[in-house]
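Q: Here is my input; please provide its structure:
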Amino acid sequence: MRLRLHKRYGSANDRWQARTNLDDFKLEALKSACASNDAITQIFMNHLRHGHLPINNLTLGVIRRMSQHNGDMAKAMKRLLVIDGPRISFSQPFKPIRISTMEPELVFQRTGWRKEDLLAIVYLWSESEYVSHKRHRFPRDLAILMALERIRSGADFTTFVATYGGESRRWSEALDWFVCIGYEYAKALMQEDALMRYVEQGEECNTAINNVLTESGFVPGEGENNCVGLLDATMIDIANPGNAVLQNSFYSGYSGKTCLKALTLIFPNGMTGFIAFSSGRRPDHAIARDFEINAKIRKFVRAVLNGRPGSYYFYGDKIFPISGFIRSPNDVDNRRRFSREFVAEHPQWIQRMRQQDEAMKQVRAAVEHSYASIKNEMRYTENRMKHCLSRSQMQVSKLVPLLFFIADLKTICVGNQRNAKFLMKPPTMAAYIAGLENINSF
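A: Residues are numbered from 1 along each chain as shown. This is a model prediction of the structure:
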């Protein structure tokens, strides 16, 4: 039985938190009494009519028990509760809105996407104008508009009801549909061979990084000019789990929050090469070891070299151990690495290492730009995820990779600070999607 209360009872939150003059024990007794006494049933109806009782599992149980005993009373109860109120009817149609007919300024204001770019990616979710999910049918364009706006700003479903029609439950299902379809592409970013999509651009990435180093005043020498990408991690806040064991597993003492950690391999063309997700409690170097990041980079470098002599590496911060394929700042002022005697005996070499670290800071700043495009433009991770994710039907394992996938799509359409800094063009949309489809098994 679907229940809608009269608007005089106030907002939904007020109705659920309304005070009652009947405690749980009396409600349980009332549930039994309603089956044999019509007078008590009438008292119960009066309490509901005047708003003295909340609509919860106990009161609904009374109604179900009453409907089994007295069909006429059940019909009267239904007439009492189903009164025209402020909520949208379940038959409320969607408004006939399409992306192609909307004003470009309105599309950008709501979603942060240009109209022409949004029209270029809708086919990734569906080629038909209407889609089905959980046995319900809704317009594709409206579902994509709503999902992008909600992910970007964390807007509530009631906002979309007033703008696009429909109802909150249908919009919740539309968001689930958007996340599920997008995740089918996004999960390729976490696969074993995700880096192999950019083998052909490996040498171009190396050249772009060396050009930035040269412009900063540091001319890379032999062994210093082999960087092809960047390695770093970021924390993403999530809801605090109710289980104490899970709380301890995902709580980060460094940030003082319950969070996930995303370790990413990033290319100077603005794209995300690989993502590894773990608990925010794990340090970066431990995640790199757990996911065998060094082995994945080695496989990528060998494919780029294709039998030729040489080597390439990814550059990260100093928490990562130095290896043949992962480099970190030299940190020459750290006495655990270099003694005072060694620094005094090799002043020129120490000065060279300081210059290299200073120049690489500008390169590593590109990593922060990539995270800013997710955290600043997609407020859902801050405004909604940590508050509502525990009650949402969407899983963290699907939503977070989807954010990186959407960021890559936007980079292809309008670029970002990374590829603008390194003067590299991102891949075309067709090439990017083909690379994901070759990894995934749709």
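Q: Longest helix of the chain, counting residues only.
A: helix 347-375 (DSSP state H).
Q: Now that helix: average pLDDT?
A: Helix 347-375 carries an average pLDDT of 78.
Q: That one packs against which elements?
A: helix 202-215, strand 227-237, strand 257-266, strand 313-315, helix 380-383, helix 396-414, helix 417-422 (3 or more C-beta pairs under 8 Å, 6 or more residues apart in numbering; DSSP states H and E). Any C-beta I mention is one placed from the backbone N, CA and C, and that applies to glycine too.
Q: Next, the buried residues of the first one.
A: The neighbour-count check on helix 202-215 (16 or more other C-beta atoms under 10 Å) flags Gly202, Glu204, Cys205, Asn206, Ala208, Ile209, Asn210, Val212, Leu213 as buried.
Q: Any chance of TSV for those residues, columns pLDDT and distance to Met102?
A: Output for the buried residues of helix 202-215, formatted as TSV (pLDDT from 0 to 100; distance: C-beta to C-beta, whole Å):
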residue	pLDDT	distance to Met102
Gly202	88	41
Glu204	90	38
Cys205	90	38
Asn206	89	43
Ala208	89	37
Ile209	89	40
Asn210	88	44
Val212	86	39
Leu213	86	45
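Q: and those residues as CSV, adding distance to Gln247?
A: Listed next are those as CSV, based on distance: C-beta to C-beta, whole Å:
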residue, distance to Gln247
Gly202, 42
Glu204, 45
Cys205, 40
Asn206, 43
Ala208, 43
Ile209, 41
Asn210, 46
Val212, 42
Leu213, 44
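Q: Pass me the low-pLDDT residue ranges in the stretch 251-400 of the chain, would you?
A: For the stretch 251-400 of the chain, the stretches flagged by pLDDT under 70 are 369-370, 373, 375-396.
Q: Kindly recompute the last result at 50.
A: 381-393 (pLDDT under 50).
Q: List the buried residues in stretch 406-417.
A: Result for stretch 406-417 [16+ other C-beta under 10 Å]: buried residues Ile406, Ala407, Asp408, Leu409, Lys410, Thr411, Ile412, Cys413, Asn416, Gln417.
Q: Surely the second one and Met271 touch.
A: No. Here Ala407 lies out of contact with Met271, judged by C-beta atoms under 8 Å, at a distance of 9.3 Å.
Q: where exactly do the strands run in the protein?
A: 130-133, 136-139, 227-237, 251-252, 257-266, 272-279, 313-315, 326-327 (DSSP state E).
Q: can you put those strands in CSV and add mean neighbour count and distance to Glu103?
A: Formatted as CSV, the entries for these read as follows, by neighbours: other C-beta atoms under 10 Å; distance: least, C-beta to C-beta, whole Å:
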stretch, mean neighbour count, distance to Glu103
strand 130-133, 15, 23
strand 136-139, 16, 18
strand 227-237, 23, 33
strand 251-252, 18, 43
strand 257-266, 22, 35
strand 272-279, 21, 32
strand 313-315, 23, 43
strand 326-327, 18, 48
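Q: Nearest to Tyr371, out of these?
A: Nearest to Tyr371, of all those, is strand 227-237, at 4.5 Å by C-beta to C-beta.
Q: Partner strands of the closest one, with direction?
A: Strand 227-237 sits in its sheet next to strand 257-266 (antiparallel), strand 313-315 (parallel), going by DSSP bridges.
Q: How far does it sit from its chain's centre?
A: Relative to its parent chain, strand 227-237 has a centroid offset of 16 Å by C-alpha atoms, centre = their mean, to the nearest Å.
Q: Could you number the chain from 610 rather than 1 from now on?
A: In the new numbering, first residue 610, that becomes strand 836-846.
Q: that older thread, arrange the helices and strands packed on helix 956-984 in JSON lines, one row each, with distance to Met799 as further columns.
A: Formatted as JSON lines, those follow (distance: least, C-beta to C-beta, whole Å):
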{"stretch": "helix 811-824", "distance to Met799": "21"}
{"stretch": "strand 836-846", "distance to Met799": "14"}
{"stretch": "strand 866-875", "distance to Met799": "10"}
{"stretch": "strand 922-924", "distance to Met799": "17"}
{"stretch": "helix 989-992", "distance to Met799": "18"}
{"stretch": "helix 1005-1023", "distance to Met799": "6"}
{"stretch": "helix 1026-1031", "distance to Met799": "20"}
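Q: Tell me which of the ones you listed sits nearest to Gly774.
A: Nearest of the helices and strands packed on helix 956-984 (C-beta to C-beta): helix 989-992, 22.5 Å.
Q: How much space separates Arg759 from Met880?
A: 25 Å (C-beta to C-beta, to the nearest Å).
Q: Kindly apply the preceding question to Ser762 instead.
A: For Ser762, the distance to Met880 - C-beta to C-beta - is 25 Å.
Q: ok, now Gly925?
A: 17 Å.
Q: Quick check: which ranges of the stretch 660-809 of the chain have low pLDDT?
A: 689-699.
Q: Let's see that with 70 instead.
A: Ranges of the stretch 660-809 of the chain meeting pLDDT under 70: 660-700.
Q: what about the helices in it?
A: All helices of the stretch 660-809 of the chain, identified by DSSP state H, counting those that start in this stretch, fall at 666-678, 680-690, 713-720, 724-734, 749-762, 766-773, 777-795.
Q: Leu1032 and Pro877, how far apart?
A: 9 Å.
Q: the more surrounded of the two?
A: Using other C-beta atoms under 10 Å as the criterion, Leu1032 and Pro877 rank with Pro877 on top: 26 against 11.
Q: thought that one was touching Lys1034?
A: No. Using C-beta under 8 Å as the test, Pro877 is too far from Lys1034 to be in contact (10.7 Å).
Q: Quick check: neighbours shared by those two?
A: Common contact partners of Pro877 and Lys1034 (C-beta atoms under 8 Å, 6 or more residues apart in numbering): Asn1028.
Q: ok now do Pro918, which residues does it touch?
A: With C-beta under 8 Å, 6+ apart, Pro918 has no contacts at all.
Q: How about Val976?
A: Contacts of Val976 by C-beta under 8 Å, 6+ apart are Leu839, Asp841, Thr873, Ile875.
Q: quick one: the closest residue to it other than its chain neighbours and Ile790, what's the gap?
A: Among residues not flanking Val976 along the chain, Asp841 sits closest, at 4.3 Å (C-beta to C-beta, 6 or more residues apart in numbering). Relative to Ile790, Asp841 is positioned 29 Å away (C-beta to C-beta).
Q: who are the neighbours in contact with Ile1021?
A: Counting by C-beta under 8 Å, 6+ apart, Ile1021 has contacts Pro1035, Pro1036, Thr1037, Met1038, Tyr1041.
Q: make it 7 Å
A: By C-beta atoms under 7 Å, 6 or more residues apart in numbering, the residues touching Ile1021 are Pro1035, Pro1036, Met1038, Tyr1041.
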